[in-house]
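Q: got a predicted structure here, sequence first:
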Amino acid sequence: MPQGLTGFRFCPACGAQTLMADSSKSMRCRACGFRYFHNVAVAVSLLLQVGGDLLLTRRAHAPAQGLLDFPGGFVDPDENLEQALIRELREELDLDLDAGALSYRFSGYNRYLFADVTYLTADAFFGLELPERPALRCADDVAAVEWHPLAAVPRAELAFPIVAEAVLRLREFPR
Ligand SMILES: [Zn+2]
């Protein structure tokens, strides 16, 4: 069974209970031949630093509600990575950034369980340094923002392994 699709049994094309694993990431209907590929979902995050402090957000909703994450989210259809990140920052923090200010840093992968489906994600991280903390207004998926010294990010409160991995990589190469 493809990772994340353990609850899927009925074929969405013919309705028969004949959906079966076709590969590690696809399913096929034995009755009508319908195929579904559970492709990777792309997510983008911002690593915003001001004077050695790193911006983290408290997640307002499941999964990992109340834990620390980076601002960002999933890429929508017909968006590039920068457009997706700029949209998410506007939605979550009322922060307006120019795509030219963002510099790509590194990527990773994650498992994101939402409504009984596990999405396998590819996560792209962009970096930005500002001279002072911008005014932010939390909305959407963000309950609050916190600034932590890069060397003292509370590891036990991080939402996902990929967040901890990004903090470690940032400590090694802060810019
Ligand atoms: Zn079918």
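A: Received it, and whenever you're ready, just let me know what you need. These figures come from a predicted structure and were not determined experimentally. Numbers count the residues shown, from 1 in each chain.

Q: could you use CA atoms for every contact and neighbour count after this?
A: Noted.

Q: which residues does the residue nearest in space to the middle of the chain bridge with?
A: The residue lying closest to the centre of the chain (Cα atoms, centre = their mean) is residue 43, at 4.2 Å. In this entry, residue 43 is beta-bridged to residue 74, residue 123, by DSSP bridges.

Q: interface residues of the protein facing the ion?
A: Along the chain, the residues adjacent to the ion under the rule Cα under 5 Å from the ion are 11, 13-14, 29, 32.

Q: swap the cut-off to 6 Å and go again
A: Listed as neighbours of the ion in the chain under the rule Cα under 6 Å from the ion: 11, 13-14, 16, 29, 31-34.

Q: pull out the buried members of these.
A: 11, 29 (16 or more other Cα atoms under 10 Å).

Q: how about the most far-flung residue of the chain relative to its centre, nearest residue that isn't a chain neighbour?
A: Computed with Cα atoms, centre = their mean, the residue of the chain farthest from its C-alpha average is residue 31, at 35.7 Å. Nearest residue to residue 31 in three dimensions, chain neighbours excluded: residue 18, at 6.3 Å (Cα to Cα, 6 or more residues apart in numbering).

Q: was I right about that neighbour contacting residue 27?
A: No: using Cα atoms under 8 Å, residue 18 is not in contact with residue 27, being 10.0 Å away.

Q: more neighbours, the two?
A: Legend: neighbour count by other Cα atoms under 10 Å for residue 18 and residue 27, higher for residue 27 (23 against 15).

Q: sweet, I'm off.
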